[in-house]
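A.B. asks: I'd like to go over a predicted model; first the sequence, then the structure.
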Amino acid sequence: MTVLYSAEMNGLLNTVPSEVADGSKVDGNVRVKRATITLDTQTTSDTIVIAKAKAGENFLYGVMNNSATLGTATVAIGVTGTTGKYRAAAVKTSTTPEVFGPVAAMTKLTADEEIFITIAVASLPASGTLVVDLYFSAT
């Protein structure tokens, strides 16, 4: 039977001498950035700033939870130039928490980022609450 190692464990467990693990990927600290938004018919021309990520942090995943359906509004989460970096534009009609996070976004940041929600297609509902938690690891 062949023993295989993940990219993170190869240098740590399969190299002599062992390499020092990157703390943003192995045994690092997890940071949560929470944004609570009171829904108030925010329109498609609005953006909602929800977090500031710091250089050196590594995106893990996000969780979106809403108390009311967002209807036909599409919501993307990202940064200037890549508005869907963390969550591609999509509707969210369920009030069940949604975990999101594309693999392409799971890299160590080389610069600070202001993260925001972009609204498209239709306005958000007139009432309810939207909570977005973004999880990052860091050394």
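C.D. replies: Good, I have the coordinates.

A.B. asks: hmm, who's touching the host helix or strand of V99?
C.D. replies: In this structure, V99 sits in strand 98-100 according to DSSP states H and E. Strand 98-100 is contacted by residues 61-65, 77, 86-87, 92 when judged by Cβ atoms under 8 Å, 6 or more residues apart in numbering. Heads up, the C-betas are built off the backbone N, CA and C, glycines and all.

A.B. asks: ok, now with 6 Å
C.D. replies: Strand 98-100 is contacted from outside by 61-64, 87, using Cβ atoms under 6 Å, 6 or more residues apart in numbering.

A.B. asks: please apply the same query to stretch 101-114.
C.D. replies: Residues contacting stretch 101-114 (Cβ under 6 Å, 6+ apart): 24, 52-55, 57-59, 61-62, 79, 85-86.

A.B. asks: again with stretch 51-64
C.D. replies: Applying Cβ under 6 Å, 6+ apart, the external contacts of stretch 51-64 come out as 24, 33, 86, 97-101, 105-106, 108-115, 132-138.

A.B. asks: 8 Å instead, please
C.D. replies: Against stretch 51-64 from outside (Cβ under 8 Å, 6+ apart): 24-25, 28, 30-31, 33, 35, 75, 77, 86-87, 92, 97-101, 105-115, 130-139.

A.B. asks: buried ones in that stretch, by neighbour count?
C.D. replies: Buried residues in stretch 51-64, defined by neighbour count with 16 or more other Cβ atoms under 10 Å: 51, 53, 56-60, 62-64.

A.B. asks: same question for stretch 92-100.
C.D. replies: 92, 100.

A.B. asks: and if you look at stretch 77-97?
C.D. replies: Quick answer for stretch 77-97 (16+ other Cβ under 10 Å): 77-79, 83-87, 89, 92.

A.B. asks: that one: how far from the chain's middle?
C.D. replies: Here stretch 77-97 shows a centroid-to-chain-centroid distance of 9 Å under the convention Cα atoms, centre = their mean, to the nearest Å.

A.B. asks: L134 and R87 touch, don't they?
C.D. replies: No: look at L134 against R87 with Cβ atoms under 8 Å: they stay out of range, at 9.7 Å.
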